[in-house]
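In: Turn this into a model:
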Amino acid sequence: QTFLLQGGTGCASGDGLLPGTHPLWEEVARNRSGMQWLVGLRGDFMAAAGKSCSQGEARGFATAGESLRQFLSDSLRSDEALCLERVQEDSPVELLDQLVEGERVHPMASRGVLMRRLAPRFRCYILTHPALPGAPLAVLHCALSPAEADAGESMGRILGGDGAAMGWRQGNVCASSVRSAIFYSISN
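Out: Got it, this is the predicted structure:
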């Protein structure tokens, strides 16, 4: 990051990116965790654009951030590289902790709360990309119901208890008994 921000006055000028920056990003992206680093760098560019002393600096960082956004978008666009994975109780601890910390719609106090949301009557999926290992692009939580979903279902009813309030009996959920899925948290 220091090299990119200081080398050649920051890879950006008031007129846009300095020539040759795009191949540098391609080289960085080929390294382990390189894409994750570039995502962070884009955030740094955008933050610097908001804090820069002069309009020229701000415009340069904003231009660099936009160009890097386009590079990342082009690099991650391949549909066949995207992977939808179900999160389960035996998923890696690091991922489970990341989900607990990252949930903003219905925050969780601990991994224990997440474990209740991974019970048989719930589903949690993550959308990942091989270039960003360990960094889900999106997280989807849903509750399965044996009855038609009611748009007015309360979150306490959906997330609370053992599922009896939603019509579930103890034990595993049989796919043929599911009548609806209630999506209660989608984040990225």
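In: from here on, contacts and neighbour counts on C-alpha atoms
Out: Noted.
In: Give the buried residues for stretch 42-58.
Out: Of the residues in stretch 42-58, those with enough neighbours to count as buried (16 or more other CA atoms under 10 Å) are 42, 44-46, 48-49, 56-58.
In: likewise stretch 88-106?
Out: Neighbour counts over stretch 88-106 (16+ other CA under 10 Å) mark 88, 96, 99-100, 103 as buried.
In: mind listing the helices for the chain?
Out: Listed in chain order, the helices found in the chain under DSSP state H are 2-6, 21-30, 34-51, 55-76, 93-102, 111-117, 155-159.
In: So which of the buried residues of stretch 42-58 is the closest to Leu140?
Out: Proximity of the buried residues of stretch 42-58 to Leu140 was ranked by CA to CA; the top entry is Arg42 with 24.9 Å.
In: thinking again about what came up before, would you reformat the buried residues of stretch 88-106 as JSON lines and include distance to Phe122 and pLDDT?
Out: Converted to JSON lines, the buried residues of stretch 88-106 look like this (distance: CA to CA, whole Å; pLDDT from 0 to 100):
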{"residue": "Gln88", "distance to Phe122": "10", "pLDDT": "94"}
{"residue": "Leu96", "distance to Phe122": "15", "pLDDT": "93"}
{"residue": "Leu99", "distance to Phe122": "15", "pLDDT": "93"}
{"residue": "Val100", "distance to Phe122": "15", "pLDDT": "93"}
{"residue": "Glu103", "distance to Phe122": "16", "pLDDT": "86"}
